[in-house]
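> just the structure for this:
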Amino acid sequence: MAGATDTSDGTGPYQGWPSELRKSDEGVSHRRKRRHFARTPPISITSLTDMVTMLLVYLLSTFATNPVEVKDPSVEIPHSTCVPDEGLPADEVPPDGCGKIEETTLVMVTGPEVKRSTETGTKIQQVTPRILVNGQPIAELDAATYRVPESVKDPASGGYVIMPLREALKREKAVKEVTAQLSGRSFDGRVIILADRRTPYRVLTDVLVTCGESGFADFRFAVIRPE
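Residues are numbered from 1 along each chain as shown. All right, here's what the predicted structure looks like:
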């Protein structure tokens, strides 16, 4: 018969198997495929996460803010002298030869006037003094009295704590604590005070009290070292 010849002479697949066996073969094949896909391992991102973490720690540990760069033209820093530290490694000695490179928070108090060069000479322009944290304006001083306005002070502190500065320093402290933890260090509470030489002592007192209240108790003052 034609039907038998087509399946028995090798020209086509044999169609004489019972339907039960054909279904069984298909089931076995399907199970094999499922077992094959089950062995495929899931994608792991652990190595990528470790690499990103190490890169973040490296960038944070290599950032330094000493010597301090002053970009505000209203700030005239007082002059001083320093004695070079003995025994510092070469990579920790800053260009001026004094102290060592450190990562710190910078609080700046700007001056009441700016000197600008014009075609006819130097012109002095009156400006509003401000308090900045790492270059970001936080509060303005009274332009007439060169004092911190009472409206931005915390009455519970006796009129010494500057509330906007305290909030900014608390945020900075939270960042520093995370940075220190990633770098395997402890938060040192170090802060550099950079103030115009005409800044009243009362303003400096307010700034120092606020820094201490916010967890920054290691004060450093920025000065210009004469040539």
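> pLDDT weak spots in the chain?
1-103, 223-227 (pLDDT under 70).
> which parts of it are strands?
105-109, 113-118, 121-126, 130-133, 136-140, 190-195, 218-221 (DSSP state E).
> buried residues of stretch 139-149, list them for me.
139, 141, 146, 148 (16 or more other Cβ atoms under 10 Å). (C-beta placed from N, C-alpha, C; glycine too.)
> same question for stretch 110-129.
Residues of stretch 110-129 classed as buried by neighbour count (16+ other Cβ under 10 Å): 110-113, 129.
> stretch 196-209 now?
196, 199-200, 203, 206-209.
> was I right to think Met163 contacts Pro155?
No. Here Met163 lies out of contact with Pro155, judged by Cβ atoms under 8 Å, at a distance of 9.9 Å.
> those two: who's more crowded?
Counted by other Cβ atoms under 10 Å, Met163 and Pro155 do not tie: Met163 has more neighbours, with 16 against 9.
> contacting residues around the more buried one?
152-154 (Cβ atoms under 8 Å, 6 or more residues apart in numbering).
> filter these down to the buried ones.
Buried, going by 16+ other Cβ under 10 Å: 152-153, out of those.
> distance to Ser186 for the contacts of Met163 - can I get that in JSON lines?
Conversion of the contacts of Met163 to JSON lines gives the following (distance: Cβ to Cβ, whole Å):
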{"residue": "Val152", "distance to Ser186": "31"}
{"residue": "Lys153", "distance to Ser186": "31"}
{"residue": "Asp154", "distance to Ser186": "28"}
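> among the buried residues of stretch 139-149, which one sits closest to Val175?
Ala139 (19.8 Å; Cβ to Cβ).
> who does that closest one bridge with?
Ile131 (DSSP bridges).
> do Phe219 as well
Val191.
> verify the stated contact: it with Val207.
No. Assessed by Cβ under 8 Å, Phe219 is found out of contact with Val207, at 9.3 Å.
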